[in-house]
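*Asks:* Just need the structure, nothing else, for what follows:
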Amino acid sequence: MKKILFIWILLAALLPAIGCGQENADPKAEAPPPAQVEQEQNGGVVQVDHPEQISLVTAVARNSRPELVVTGVVTPDVSRSVPVVSLASGRVVEIRARLGDTVKKDDVLLRVRSNDISGGYSDYRKAVADEELARTQYERAEDLHAHGAISMNDLQVARDMEEKAKVDLETTAEHLRLLGSDPDKPNGIVEIHAPVSGVITDQEVTDAALVQAFGPNPFMISDLSSVWVVCDVHENELASVRLGDAADIRLNAYPGQLFKGTISNIGAILDPNLRTAKVRMEVRNPGIMRLGMFVTATFRGQRQVTHTVIPSTAILHLHDTDWVFAITPDKKFQRVEIVAGPSLPGDLQEVVSGLLPGAQVVRNALTLQNTVDQ
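*Replies:* Have a look, this model is predicted:
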C-alpha cells in the first residue's frame, strides 16, 4: 500500500515538469493561426481571415509637370557658322590655322599664290595708264576750247573718255582689294582672312592644295558660345513636347553639371526608319560643351498635372504589368491594374493612371501575392 502511494506522489511531481518541457519545445503553440487566404474565382479578388492585420497605405496626390527623358547630341548653331570663301584660285603656300583652332576676325588663315592676282595687277596698271592719258587729253581739250580751237562737242568727248578711264581704274583697284591684295603693293600672293571670330569646325584644305574661287570652302568658323542640342523624340511621344518648353540637359561627359535649354524647333519630318522627329534646343555654352557630345535631355511641360503617388512596395510587377491591391468595402482586396510612372525620392513611385488619390492599397503587394501563391 505504501508502495502504491509513493508511485502516485512521484507521478504528481513529474507532471508539471513534463508540461513545461512541451511548452518550451513548441514556442508557436500560443501564436495566432496564420491568415487564411481565399482567392475568388475571378482571380483578382483576395479574401483573408483577418484583413485588419494587412498594412494599408493611402494614395496621395502630387502636382508636377510631365517629364520626358530623351537622348541627343551637341551640334553647332548653323546661324552662327560662317564659311571662309576664297575669291581667288591658286595653290596654297601657307596654312596658319587648323581644325579646332580658335581664331579672331581678320586673322590670316592661309596664303595662296594665284594667277588671278597677277591678272588683276596687269589690268590695274593698264587702267592707271589709260586714266593718265585720258586726263591729259581732257586737260588739253579744255585749253583748246578756251581759245576757240575746238568745238564744245570735242570737249565733251574728251570729258567722257576721262570719266570712263576713272571708272575702269576704280573697278580694277577694287577687284584687287576683294582678292585681298593692295593695289599699291604688287604681289602674287593673296591672304585669306577670317570673316568672324570663332572656332574652326571644318577644314577642307591642306598644304600645297589647289583652291578654287567660289569652290569648296577651305574652312568653316563657328561661334560656339551658343550651341544646339538635337534630340530624337519618338512619334508617340511628340505630344509631350511643345515649342518653348524648358529642358534640363546633362552631358554624359559631365553628369554632375546641369544645363538649361529651351525648345526652339520641332522637326516637321519623321525619320522613316526610326519613327522619330528632331527636337532642337538652344543652349548657352560655358566652354565645356563640344560638338558631337552625347547628352540626356529631360523635357518638362508648361502645365502642371496631378498624379497619384504611393510607396514603391505597393506596386506589384507581374507579367509585364503593374498592379496594386486595393481594399474593397467588404474588406477584400481587389487586384487593380495601373500604369506606373517614374520613381520619386523616399521610395515612392508615381502612378500615371489606374488609381485615384485617397484610395487605400496594401503597403507591401509582394507579400500578399506570395501568400496567395502558397
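*Asks:* Give me the spatial nearest neighbour of Asp107, chain neighbours excluded.
*Replies:* Ala194 (4.6 Å; C-beta to C-beta, 6 or more residues apart in numbering). (C-beta placed from N, C-alpha, C; glycine too.)
*Asks:* typed the wrong thing, it's Leu243
*Replies:* Ile263 is the one closest to Leu243 (C-beta to C-beta, 6+ apart), at 5.6 Å.
*Asks:* just Leu109 next, same as before
*Replies:* Leu109 sits nearest to Ala97 (C-beta to C-beta, 6+ apart), 4.6 Å away.
*Asks:* picking that back up, wouldn't the residue nearest to Leu243 be in contact with Met281 here?
*Replies:* Yes: using C-beta atoms under 8 Å, Ile263 is in contact with Met281, at 5.6 Å.
*Asks:* who touches both of those two?
*Replies:* Ala247 (C-beta atoms under 8 Å, 6 or more residues apart in numbering).
*Asks:* hey, where'd the helices end up in the protein?
*Replies:* 2-25, 115-146, 152-178, 365-373 (DSSP state H).
*Asks:* mind listing what's buried in the shortest one?
*Replies:* When you say that, I think you mean helix 365-373. Residues of helix 365-373 classed as buried by neighbour count (16 or more other C-beta atoms under 10 Å): 365, 368-369, 371-372.
*Asks:* Outline the domain layout of the protein.
*Replies:* What automatic domain parsing lists as the domains of the chain is 37-62+305-373, 69-79+222-300, 115-184.
*Asks:* Which of these sits closest to Phe214?
*Replies:* Closest approach to Phe214 among the domains of the chain (C-beta to C-beta): domain 115-184, 11.5 Å.
*Asks:* now that closest one: how far from the chain's centre is it?
*Replies:* 60 Å (C-alpha atoms, centre = their mean, to the nearest Å).
*Asks:* Between the two ends of stretch 147-156, how far is it?
*Replies:* Taking C-alpha to C-alpha, to the nearest Å, stretch 147-156 runs 16 Å from one end to the other.
*Asks:* For Ile263 and Met281, indicate the residue with more neighbours.
*Replies:* Looking at Ile263 and Met281 with other C-beta atoms under 10 Å, you find the greater number of neighbours at Met281, namely 24 against 21.
*Asks:* If we ignore the residues flanking it in sequence, what's nearest the more buried one?
*Replies:* Leaving aside its chain neighbours, Met281 sits nearest to Gly261 (3.6 Å; criterion: C-beta to C-beta, 6+ apart).
*Asks:* could you measure Ser226 against Met220, distance?
*Replies:* Remark: distance between Ser226 and Met220 (C-beta to C-beta, to the nearest Å) = 16 Å.
*Asks:* Looking at those two, which has the bigger crowd around it?
*Replies:* Neighbours of Ser226 and Met220, each counted by other C-beta under 10 Å, are more numerous for Met220; the result is 18 against 14.
*Asks:* Identify the residues contacting that one.
*Replies:* With C-beta under 8 Å, 6+ apart, Met220 has these contacts: 81-84, 200-203.
*Asks:* Find the residue closest to the residue nearest the centre of the chain in space, skipping its chain neighbours.
*Replies:* Among the residues of the chain, the one closest to the centroid is Val229, at 3.4 Å (C-alpha atoms, centre = their mean). Nearest in space to Val229, with sequence neighbours left out and distances taken as C-beta to C-beta, 6+ apart, is Met281 at 4.6 Å.
*Asks:* And for Tyr121?
*Replies:* Leaving out its chain neighbours, the residue that sits closest to Tyr121 by C-beta to C-beta, 6+ apart is Pro186, at 5.0 Å.
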